[in-house]
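Visitor: I would like the atomic coordinates for the input below:
(2 chains)
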There are 2 protein chains.
Amino acid sequence: MDTNINAAVAALTSTFPNETSLNKDICAQHAHTTSHIPAQLPDAVLFAENTEQVAQAVTILAKHNCPIIAFGTGTSLEGHINAPMGGISIDLSRMNNILAVNQEDMDVVVQPGVTRVHLNQHLRDTGLFFPIDPGADASIGGMAATRASGTNAVRYGTMREAVMALEVVLPNGAIMRTGGRARKSAAGYDLTNLFVGSEGTLGIITELTLRVHGIPNHISGGICSFPTITKACEAVIETIQMGIRVARIELLDALQVKACNLYSKSSLPERPLLLLEFHGNEQSVEEDRRSFQEIAEDHGGTAFQWSIDAEERNKLWKVRHDAFWAASSLIPDASIFTTDVCVPISRLAECVDATQRDIAESQLISPIVGHVGDGNFHCLILMPNDKPDMEERIEAFCQRLSQRALDMGGTCTGEHGIGQGKRNFLAIEAQSALPIMQAIKMQLDPQNIMNPGKIFLDDNS
Amino acid sequence: MDTNINAAVAALTSTFPNETSLNKDICAQHAHTTSHIPAQLPDAVLFAENTEQVAQAVTILAKHNCPIIAFGTGTSLEGHINAPMGGISIDLSRMNNILAVNQEDMDVVVQPGVTRVHLNQHLRDTGLFFPIDPGADASIGGMAATRASGTNAVRYGTMREAVMALEVVLPNGAIMRTGGRARKSAAGYDLTNLFVGSEGTLGIITELTLRVHGIPNHISGGICSFPTITKACEAVIETIQMGIRVARIELLDALQVKACNLYSKSSLPERPLLLLEFHGNEQSVEEDRRSFQEIAEDHGGTAFQWSIDAEERNKLWKVRHDAFWAASSLIPDASIFTTDVCVPISRLAECVDATQRDIAESQLISPIVGHVGDGNFHCLILMPNDKPDMEERIEAFCQRLSQRALDMGGTCTGEHGIGQGKRNFLAIEAQSALPIMQAIKMQLDPQNIMNPGKIFLDDNS
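Guide: The predicted model follows:
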C-alpha cells in the first residue's frame, strides 16, 4: 500500500476537526529544535485527548500507511520527534491526568502528557516523589519512550527501573496493557521493558504505572572542586566503589562551570567541579558526606560547600539543570551538538580524560558535564554558525567518542537514545542484536508507520 | 517441514558422540521431578561444553524441526524442563566457568551452568556477593530464564535487575549479544530483559553479565512470632511502607513452622513467623532492627530472637530454604503442588488471609510461605497419593488464588514463571499483551522448536 499523507490528513481532520491542526507554526513546534539536527516538520498535529482517540487515529493513519510520531514536550536530543517522511505528530500533552496515587504501595498511574515537575508537585503532600530527573521538564511518556535517567539515577535507577506497567496503542490501533502493580512478576515476556526505550517505534504509550519513593527525611547537598578532571573522576570512582550511597554526583568541567557562572550569574570556582546530594536520615547523610569528603581530599578536592537548606540546594541544581543553555550561550550564534556516552565506572577517568584531550586536539569547543556516578557524561559541542565546515570535524569526534566508550565496555548513549543521530553507532554497538531488534519492529509494525527513520538505518531516511 | 526426532538424534550423536546421551535414566533426570507436573522425557541429552557447540547443535536440530529444551539444574517448579513433544535437552551444567570478576565495577561474567552457591563461593574473597537467592542452588542461566528472585529480592531486586548483558544462541543457531557492562544504556530495544524470563522459548542463554553487590559490613538476622497470619502481614506492610530497608523478610505460617521443626529438628515457636535480615553498618542495622521491633510489637509480635552470628543465621536460613522439603514430608507419600502469586504490598494481609480461609474451606493441607516484603507468597499444597481425587479441588483452589491475586492488582506468579503449569492463568493476566508475546515468539522461533509447550497454550501440548 502506498503512503498517502494527504488522504490521511483529510481523514484525520474529518474525524477530529477540533483536535487536528495543519498550522505551519504548530507543525514547526512539533519538529526538533533543541539540537543541531535540522527540523523535519510533520504534515499535521493531532492533540489527542484520550487513549480511544489515539487508537482511533492510529487505525485511520495505518489505513493510509501514514507515519505517526508521538510528541510529549519535545525535549529529546537525538531528533526523536522529527518527521523525516512527513506524517502526523500525535501530541499527548493534553493527556496530562494523574489517574491514581497508590500511596500505600508507592506507585502512581499517570497519562503520558504529565510532566515530571507536575507529578512531583502533585505528590508533594503525600511524602512521595518521582526521582527520575533528566533536567528538562519532560513528559513521563517521552521519558519512558527514551529510557530517560538523569541526576538521581545513580541512586534510584532509570525509567527501566521506574516503569511497572504500560498501556500502549499498537501500530494496528489495538490497545495493549503490559506489567502490573505487583513489585515483581515472572508472568511471560517483559513487554514493559521492550516498550521502554523503544522511542515510539513500536507503539504509543498512553498510560504508565510508575514506582515512586519516599521523600528522604534528610537531604544534604554540596560542591567540591578538583585540580584536574581526572582527579574529580577518580574521586567519583572511589565513592561508587566504596558503596557510599550518593543520590546525585554530577561533574562539570572548568569550561562548563565558566558557562554556568556566565549564564546563571553564579560564582562557582572555575575548576572541575562535583555537585553532590545525599539522601537519608540525619545520621547516615552526615556519615556519607564525611566519607565522601575524605575521599575527595585524597584526590585534591577543595572548596567544599555543604547545605541542608532546600532553597540553596534548589538554586545549585537550577544552575546544573541550565547547563545545556549555559553551554549554548558560550558563543553567540552557535549550534550545539550534544552527545552522551556511558562507560563502566572503573573506566570513567580514562574516558573523560581521553575525550578532553580529543576536544583540544580537534580544536573544538565543548564543555563536559555528566551523571558520573553512572559512568555517564555529555559533550556539549559548539559550532559557530559562521563555521559550518566544523561539522565534519565534530562528527568525526563524536564517532571517536562512541568508539572509545564501546572499546571500554560502554555504550554509545547512556540516556539520550538513538533517535536519528546515533543510528550508525547502534549498528556498531548492537551488531548481532540489531537483526533481532529489526525483526521485532517488522513484526509489530510491518508498515513501518511508527516513528520511521529512528533507531534503524535501513529505511532510507 | 516435519519434525523428525530420530533423524535429529542421529545427526546430533554423529556430531557430538561424546557429549550426547540416549540413556533413559539420564533422560529421566532431565525431565521434571520437583513438582506435581508429570515428567515428560526428552529423547536425548546433549552435555554442551561451550557456546559454539550449543550453536552447532541448535543449527542441526533446527534442520529437523526438533524441540530443544535448555537444562540448568532442574530446580524449576512449573514444568519448564519437560519435553512434551520429545526432543533434545541441552544440559548446560558443564558450562560452569566464571569468565570475569570485575571487582572495581561490581559485575561478573559467567557461563549459564554456574550455580549461585558456586558463584558466591568464588566471590567470597573479593568482598562481593550475588544476592539473588531462590532457595535451590539453581544455575544462573536457569535463574535468568525464569526471572528468579527469592529471599533477598526485597532489597536487591530480581534477575530483572541483576542481568546486565547476555549471550544467546537463537533458534536459527546465530549467536547474539545484548546489553553491556555500562550501568545504564539507552541504545535500542532492551533485548536483555526480553530474554530474561522467556523460559528458554526464544533461545538458549550461553553467557551472562551480572551486577553484584558489596558484602554488607554488618548483618543482623532474627525471628518474630505473631498471634495471627494477618497480624504478621500487617507488620510486613508497615515495615515496607515505612521504608525500613529489610534485606529479607520471610513469612512462614504455623503449619509451615511445624513442618520445618519436624524436618530440620528446629524448635521455632509454632505460630505465624517472620524471619528477617538487615544489612548495612552496625548503626543502621541496629536502627532498622529497632524500628522493625516497634512495628512488630504494635501488631502483637513476640518471641524476638536476634543474632549477628553468621553460623546461627545460616542455620536459620537453612531451615527456611528447606521449607519446600519440610512441607513435602508433612505427609508421607504425597505429591506437592507448589504455586506462587504476588500482590501489591497493601493487599498482602487480605490476600494471605483469604487464601488461608480458602485452604480450610477447601479441606486442603497447604503450608504458606512467602517473600512477603515483595507481596509474594507460596502455597505448598499436599495431595496424599491415595487421594488422587483431590487434584480437581487443588486445581480449582489454584485458579481462585491466581484470580484473587489478579483482582488485587497482582500477578499469577511472582517468581516461579509460567512453564506448563500457569499457561491458562497467563492467558487471563496478560490478555491484550499475549498476542504480542506470541507474535515475538513466532518471529524469532517460527518453527517453535525452543521449549515448545511452555508459556503459551496454543500448541496443543
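Visitor: quick check, central residue of chain A?
Guide: Nearest to the mean C-alpha position of chain A, by CA atoms, centre = their mean, lies A:Ala148 at 3.8 Å.
Visitor: can you list the low-confidence ranges for the stretch 201-350 of chain A?
Guide: The model of the stretch 201-350 of chain A has no residue with pLDDT under 70.
Visitor: which stretches of it form strands?
Guide: Using DSSP state E, counting those that start in this stretch, the strands of the stretch 201-350 of chain A run over residues A:204-211, A:213-214, A:218-225, A:246-252, A:273-280, A:302-307, A:334-342.
Visitor: can you lay out those strands as TSV showing distance to chain B and mean neighbour count?
Guide: The way it works is simple: take the backbone N, C-alpha and C, and place the C-beta from them, glycine included. Shown next, in TSV, are the strands of the stretch 201-350 of chain A (distance: least, CB to the nearest CB, whole Å; neighbours: other CB atoms under 10 Å in any protein chain shown):
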stretch	distance to chain B	mean neighbour count
strand A:204-211	9	24
strand A:213-214	5	16
strand A:218-225	13	21
strand A:246-252	12	25
strand A:273-280	9	24
strand A:302-307	21	14
strand A:334-342	4	24
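Visitor: okay, these in a markdown table with distance to B:Ile345 next?
Guide: Formatted as a markdown table, the strands of the stretch 201-350 of chain A follow (distance: least, CB to CB, whole Å):
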| stretch | distance to B:Ile345 |
| --- | --- |
| strand A:204-211 | 12 |
| strand A:213-214 | 13 |
| strand A:218-225 | 24 |
| strand A:246-252 | 23 |
| strand A:273-280 | 21 |
| strand A:302-307 | 35 |
| strand A:334-342 | 32 |
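Visitor: how about those, which one is nearest A:Met442?
Guide: Nearest of these to A:Met442, taken as CB to CB: strand A:204-211 at 18.2 Å.
Visitor: name the residues of the stretch 351-461 of chain A found near chain B, please.
Guide: Neighbours of chain B within the stretch 351-461 of chain A, by CB under 8 Å from any CB of the partner chain: A:374-376, A:405, A:409-418, A:422, A:425-426, A:429-437, A:439-444, A:455.
Visitor: and the contacts of stretch A:225-232?
Guide: Here stretch A:225-232 makes contact (CB atoms under 8 Å, 6 or more residues apart in numbering or on different chains) with A:235, A:251, A:253-254, A:269, A:271-274, A:296, A:299-303, A:349, A:352-353, A:356, A:368, A:372.
Visitor: go through these and flag which are in helices.
Guide: Among the contacts of stretch A:225-232, DSSP state H puts A:Ala235, A:Ala254, A:Ala296, A:Ala349, A:Val352, A:Asp353, A:Gln356 in helices.
Visitor: mind putting the residues you listed in JSON lines, distance to B:Met390 included?
Guide: Putting the ones in helices among the contacts of stretch A:225-232 into JSON lines (distance: CB to CB, whole Å) gives the following:
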{"residue": "A:Ala235", "distance to B:Met390": "64"}
{"residue": "A:Ala254", "distance to B:Met390": "75"}
{"residue": "A:Ala296", "distance to B:Met390": "66"}
{"residue": "A:Ala349", "distance to B:Met390": "64"}
{"residue": "A:Val352", "distance to B:Met390": "65"}
{"residue": "A:Asp353", "distance to B:Met390": "69"}
{"residue": "A:Gln356", "distance to B:Met390": "71"}
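Visitor: which of the residues you listed sit farthest apart?
Guide: Pairwise distances across the ones in helices among the contacts of stretch A:225-232 (CB to CB) peak at 19.9 Å, for the pair A:Ala296 and A:Gln356.
Visitor: who's more crowded, the two?
Guide: Neighbour count, other CB atoms under 10 Å in any protein chain shown: between A:Ala296 and A:Gln356, A:Ala296 has more, with 24 against 20.
Visitor: just to revisit the earlier point, report the buried members of the ones in helices among the contacts of stretch A:225-232.
Guide: For those, a burial check counting by 16 or more other CB atoms under 10 Å in any protein chain shown picks out A:Ala235, A:Ala254, A:Ala296, A:Ala349, A:Val352, A:Gln356.
Visitor: so the last one makes contact with A:Ala254?
Guide: Meaning A:Gln356. No - using CB atoms under 8 Å, A:Gln356 makes no contact with A:Ala254, being 9.8 Å away.
Visitor: name the SS class of A:Ile90, please.
Guide: strand (DSSP: H, G, I helix; E, B strand; the rest coil).
Visitor: OK, contacts around it?
Guide: A:Ile90 makes contact with A:Val45, A:Leu46, A:Ala48, A:Val54, A:Ala57, A:Val58, A:Ile68, A:Ile69, A:Ala70, A:Phe71, A:Ile204 under the criterion CB under 8 Å, 6+ apart.
Visitor: grab the nearest non-local neighbour of it.
Guide: Nearest non-adjacent residue to A:Ile90, counting by CB to CB, 6 or more residues apart in numbering or on different chains: A:Leu46, 5.0 Å away.
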